[in-house]
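**Student:** The following block contains a protein sequence and its predicted model.
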Amino acid sequence: MEYQELIGSRRSIRYFEPDKPVEQEKIQKILEACLISSCAVNAHWLKAVVVKRADVSPEDLEMMKNPVQALVIALAPVHIYFYCDLGVVNEVKGARLKELVDAGALNPTHGWSHKFVDELVYPQILKPLTESPAYPIASAFDCGVAANQGLLMAFELGLGACLTAFNAEVVARYTKPPASWIPLYVLNVGYSAESREAGGQRPRPPFEGQYFLGQYGKPFPRDPKVIEELKRSKLLQTPAPLPNRKQEIRELARRLNLPE
Amino acid sequence: MLSRPITAYQSVKTWGDGLRNQWGGDPLAEEPEKVQALEAFCEFVGEEPDAIIGHCFRIRKADGARVLSTKWRAHYADKIKAFRAQHATDGPRRAAAVLGFLIHNGILIQA
């Protein structure tokens, strides 16, 4: 799928074929997509533990449920539990930055050298950053960037996916995360039981209220010609609800024995 | 066991209104098996529909707000599982009807 169409076709899929397994190589590809994401100081805070729903006891699955994601985790055959590893910066102590120096990504033209990392960047910037209240926020932002690449990869592979919160305490019995990992979200993955359109592109707030030019309060101008171009490239698609959506949901409810 | 026709209960009317708004038509009239499933569940637990809904809410002492009762939701979740297990063939559909009745009355139970 072309990139713009891929972004435009992504939906939060909440109905999965519960018994159709996801190929191991597809799960790996999702994780590989996460790994190559952009990440500040090459830290790669995002950690993930893949759990196959079939390996979770019915009792634990029941306890994992919360009111907003219960059915999603019950239907999705694969759960990718995302964590933010807050310990990583002080573990690697700038080593991953020096890898970027060696790889020619960070260069003397921009002030980078091993010595700069060892004597200034790690001890004077990164280490104090890890003690700042803002540190988990910055780290979680980068985790989101990485997770989103995995999310998009799932759709590229013909799968459906949906990010939801999870019950960290119960899930930890399976995932056994180190103390420095903080729970983020779970990427629920499986073959979508919904149509490809999944009811149409979901409503979003007005563009002008979200993005600004120069300063807050001056909306970034939204050019109608660009909108038309994006419709042709399928980044922008028919908005939800499509006329057949209710019928589709009703049929899914009946097939999967869900309340209507 | 019910003291009046099941469709006369306020909670069943609320369910019917919710279904009409969501799907159009008159699902309770068009699919009587939904009402029959609820009736069977009421018999199974020995309670009337409005009483079931009433039990699922409680008044929080701290601020007087009407909130869902965790204890009663868990109680009915167990009852619905048992109700579903009673009938191997149509148990899941009957249980889904009861869950729908609860959802349209503002009570989400995962069972």
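**Tutor:** Cool, got the structure.

**Student:** Ranking helices and strands of chain A by mean pLDDT, which lands last?
**Tutor:** When each helix and strand of chain A is scored by mean pLDDT, DSSP states H and E, helix A:58-64 comes last, with a mean of 90.

**Student:** right, is whichever helix or strand comes after that helix up against chain B?
**Tutor:** Sequence-wise, the next helix or strand beyond helix A:58-64 is helix A:70-75, with elements assigned using DSSP states H and E. Yes. Helix A:70-75 is in contact with chain B by CB under 8 Å from any CB of the partner chain, via A:70-71, A:74. C-beta here means a position set from N, CA and C on the backbone, and glycine is covered the same way.

**Student:** Up against chain A, what does chain B have?
**Tutor:** Applying the criterion CB under 8 Å from any CB, the portion of chain B that neighbours chain A consists of B:19, B:22-24, B:27, B:92-93, B:95-97, B:99-100, B:102-103, B:108, B:110.

**Student:** Show me these that map onto helices.
**Tutor:** Among the residues of chain B next to chain A, the members found in helices (DSSP state H) are B:19, B:22-23, B:27, B:92-93, B:95-97, B:99-100, B:102-103.

**Student:** Packing partners of the host helix or strand of B:Ser11?
**Tutor:** Take DSSP H and E as the rule and B:Ser11 turns out to sit in helix B:10-23. The criterion is 3 or more CB pairs under 8 Å, 6 or more residues apart in numbering or on different chains; DSSP states H and E, and the helices and strands that helix B:10-23 contacts are helix A:245-255, helix B:27-30, helix B:32-45, helix B:49-55, helix B:91-103.

**Student:** Can you check which of these gets nearest to A:Gly94?
**Tutor:** With CB to CB as the criterion, A:Gly94 lies closest to helix A:245-255 of the helices and strands packed on helix B:10-23, at 50.7 Å.

**Student:** would you list every one of the helices in the stretch 51-200 of chain A?
**Tutor:** Per DSSP state H, counting those that start in this stretch, the stretch 51-200 of chain A carries helices over the ranges A:58-64, A:70-75, A:88-92, A:95-102, A:114-116, A:127-130, A:135-156, A:168-175.

**Student:** quick one: the last one near chain B?
**Tutor:** No. Contact between helix A:168-175 and chain B is absent, the nearest approach being 13.8 Å (criterion: CB under 8 Å from any CB).
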